[in-house]
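**Q** heads up, no residue letters with this:
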């Protein structure tokens, strides 16, 4: 039975013919064998094919092809028959492929090492009529195949070359080859590609296309479509194709010798092979006229290494799915900045169109992300025997001028830059669900690969169900110490991705195993790599049931295989997030009351070894419901300046932005302030950043800017990273650096803070209070500098509990004893320090933003926040509290605009600015908008809702609400005040905004109201990014 293929109708053939009027004028009606014959006549005596055993000229090769084609026709091969070629890369394979085309048939390359079952399935699916093999090859006997051996084709070589076969019925839109790709499911799918798809690139004026005199080294298995590029682009253009010995490609020294010995000028390498060789011998490519790399994500670090060590004449990053005839876009890499985290895939090759399409089907015309749809003359005919999938992936071109055109939906997610260049972000079919979050595995791999010490990365999900986790393996550059690199990579990933996309386990290896196509082999890599191991690091083995239970919880939350009694939580990679996860899991295991979550965290921070913490957890459990005592510090004493400071002397000119020091520049608000300050005319920014060195800090800043949709190029040459620590004396800086900052800075923007709603005051004070005290000291050193302190409206929460109903921007801070958590306590003390310094003469402004949320134009948000966790919890569980919690949202771009306007146009005279939303909303509006988006949400009493959240967090310590549970389950200091009472409308004082409104009016800045439009923007963005789950059903409103 012949294969079911989507054959072009006469009308579509005519369309294809006329559509070439918009192409580049290539011979669109030509067939591949015709072009080869023409080239053989042009340069009959030039070398065409070279291998270790000899070489053939174009005349010799063409003669062999014609005789082999005649033999195939004599055996019964007819126009359009599919002829399988089961051969390794060899001269016989090249002759066979060309002979099949010369005979008017379609060639199907197959690998002799393919498992028999898969081989039979492909041959049966393709309905192959003939099979070309070596004489001694074992072939399936169950299929009705005509077998033709290479010996038979060799024996067909007679003194007189037969006349070339030509069929008047064959068209350039007919199939030339059939290639099977595994796809995301592993099931082979046959892609049928036309002659025209290859001809459009073979004849193109493109640097990757070989020209007469070039010598191209074949590096690709014949079963991969890049082999089409190697064979046809080389031979049909009069260049020489060189076939290396099989072991050469994996041996860097052997490959370097081969390139030199054979005078290779043109080379294609898979990303995997390129990464291996670029690290060991980057200079080996310097003699090439053109190097093209592709097939997978390419490491920017590897590219920079080659560019810096004798770059090839032209370096191209090529991209293209099999379904669009080998190559679709290309990017000539001339330079790659140190901050670049992606190697672009470029712009379309000739006779090719590309469209970036959003999830709603609309086009991304300028900048933006979406799925790549490709069109033009390279689009494949379709999938063999799969009309359903063909119809799904090959669709009418509704974006072009001719409605009869076709597009292929690649499934690749790309970003279109402002200059039209495309960047590959990942595959739609490598999106997985993990604990309800949608995770882009390719995006995580790409982020890991951008680290300068990483050559290659592989990421996958290990395990199933609730125990599944994200695991990553990386191949580091030579000489990298694995444990140190692992720690740096965790920081690297956390800067660039939300917490649910950070791998739980990460290991460093010398090399990653590769598939035959040069891609990371996930099946070989991850399955055995992350099996539990009994190996121990050292120290005492946990004793007793309690310690063993705590060890199990630590292993699960920290992503380690084993923990010893004296292992330290922080040394194992513990963070504030994992501390809250561990506290939740421990509380569940020991049956500790939810109100003691803060106490558990306090014990973990104070007693970070497994043995010590286990003892403290047992003690809390034995106390039952008895309250735990904790002596509060004297906040007012902590807010006093330690010594008199010289707040005197000349001030910089009003709004002077020559040299600005900013802390917290890697935070969500911080990167937006960097962007706005530069746009406002800041000549140079000094950015105090937690980093190993300046390069690391710069990479963190640029990564955060990209993460939040900002263009870091605006900062090029305009900022200097100052690696430092807010909690250390003089920020941990040497005296010379400190003195330089003190002399050169004209202004300080203090945006840095440690934000954690579960930690106590003592854990956060070194950064939040100590860092502010150091900022004040720096402002007074050498010459007086204005300070803009970023506080929070949360410092006013204690006043609401004392009956205050109206707070102006001039109302003095008070009642720190009634604040709900350690974070707002530290921010209260920090603001009080700045206010006291201002009273003594420091020029200062205090900014109190409310809930800083996503951008007002695109809804880009930092998802590791209470509000995002609340959104997700309600959407996923379908339950919301029946409570009028306020949604006082102020978009981050508006916040940054307001602060920048104050910096540039207002006198620093101690004034406070309430950056809150004059048109805020309440939680019921959020519920309404979720229902409008087809989420089924019902409302319950507040306490019932909290009980459900506690239950969910107990079941999964990684639940997004886990870090915020203390705000909901424990009484706030000094009164029985949970979040319901602290933030209910009846207790929240009304904030006047006189100073802020005056600034906004002068600058014509309007804060977007919290209405349906804004919430829909936020919810839509969160759902599109995978943070929110898709609605389980449409319609249906629950009350």
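**A** Thanks, I have it. Keep in mind it's a predicted model, so treat the numbers as computed, not measured.

**Q** below-threshold pLDDT in the stretch 251-400 of the chain: ranges please.
**A** When residues are selected by pLDDT under 70, none of them lie in the stretch 251-400 of the chain.

**Q** what about the helices in it?
**A** All helices of the stretch 251-400 of the chain, identified by DSSP state H, counting those that start in this stretch, fall at 252-261, 271-280, 300-307, 387-393.

**Q** need the contact list for residue 825.
**A** Going by C-beta atoms under 8 Å, 6 or more residues apart in numbering, residue 825 touches 635, 761, 816, 819. Quick note: C-beta positions are derived from backbone N, CA and C, even for glycine.

**Q** out of those residues, who's the most crowded?
**A** residue 819 (28 neighbours; other C-beta atoms under 10 Å).

**Q** follow-up on the earlier one: which one of the contacts of residue 825 is nearest residue 444?
**A** residue 761 (35.3 Å; C-beta to C-beta).

**Q** from residue 196, how far off is that closest one?
**A** The gap separating residue 761 from residue 196 is 71 Å, by C-beta to C-beta, to the nearest Å.

**Q** can you add pLDDT, distance to residue 232 and secondary structure and give the contacts of residue 825 back as a markdown table?
**A** A markdown table is the format used below for the contacts of residue 825 (pLDDT from 0 to 100; distance: C-beta to C-beta, whole Å; DSSP: H, G, I helix; E, B strand; the rest coil):
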| residue | pLDDT | distance to residue 232 | secondary structure |
| --- | --- | --- | --- |
| 635 | 93 | 76 | helix |
| 761 | 90 | 71 | helix |
| 816 | 91 | 76 | helix |
| 819 | 88 | 72 | coil |
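
**Q** turn those residues into JSON lines, columns for distance to residue 643.
**A** Formatted as JSON lines, the contacts of residue 825 follow (distance: C-beta to C-beta, whole Å):
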{"residue": "635", "distance to residue 643": "19"}
{"residue": "761", "distance to residue 643": "23"}
{"residue": "816", "distance to residue 643": "23"}
{"residue": "819", "distance to residue 643": "27"}
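
**Q** need the winner for burial among the helices of the stretch 251-400 of the chain.
**A** Mean neighbour count (mean count of other C-beta atoms under 10 Å) peaks for helix 271-280 among the helices of the stretch 251-400 of the chain, with a mean of 23.

**Q** quick one: list the elements packing against that helix.
**A** In this structure, helix 271-280 packs against helix 252-261, strand 290-294, helix 300-307, strand 454-462, with contacts taken as 3 or more C-beta pairs under 8 Å, 6 or more residues apart in numbering; DSSP states H and E.

**Q** for residue 146, find the nearest of those.
**A** strand 290-294 (36.1 Å).

**Q** quick one, that closest one and helix 271-280 angle?
**A** Angle of strand 290-294 versus helix 271-280, following axes from the mean of the first three to the mean of the last three C-alpha atoms, to 10 degrees, is 120 degrees.

**Q** show me what strand 290-294 is packed up against.
**A** Secondary elements touching strand 290-294 (3+ C-beta pairs under 8 Å, 6+ apart): strand 266-270, helix 271-280, strand 314-319.

**Q** identify whichever of the helices and strands packed on helix 271-280 lies nearest to residue 676.
**A** It is, among the helices and strands packed on helix 271-280 and with distance given as C-beta to C-beta, helix 300-307, at 27.8 Å.

**Q** which parts of the stretch 801-950 of the chain are strands?
**A** Under the criterion DSSP state E, counting those that start in this stretch, the stretch 801-950 of the chain contains strands at 806-807, 844-849, 851-853, 879-881, 886-887, 889-891, 912-915, 921-922, 938-940.

**Q** with distance to residue 440 added, can I get those strands in TSV?
**A** Shown next, in TSV, are the strands of the stretch 801-950 of the chain (distance: least, C-beta to C-beta, whole Å):
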stretch	distance to residue 440
strand 806-807	44
strand 844-849	30
strand 851-853	23
strand 879-881	28
strand 886-887	29
strand 889-891	25
strand 912-915	33
strand 921-922	31
strand 938-940	31
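
**Q** among those strands, which is nearest residue 726?
**A** Minimum separation from residue 726 across the strands of the stretch 801-950 of the chain (C-beta to C-beta) falls at strand 844-849, 17.7 Å.

**Q** ok now the closest one, how far from the chain's centre?
**A** 35 Å (C-alpha atoms, centre = their mean, to the nearest Å).

**Q** also stretch 739-759?
**A** On the basis of C-alpha atoms, centre = their mean, stretch 739-759 sits 29 Å off its chain's mean C-alpha point.

**Q** do stretch 119-130 as well
**A** Relative to the chain's own centre, stretch 119-130 is displaced by 39 Å; criterion: C-alpha atoms, centre = their mean.

**Q** how about residues contacting it?
**A** Contacts to stretch 119-130, defined as C-beta under 8 Å, 6+ apart, come from residues 1-3, 72, 75-77, 81-84, 86, 105, 108, 110, 114, 131, 140, 142-143, 145-148, 178, 180, 188, 190, 384-385.
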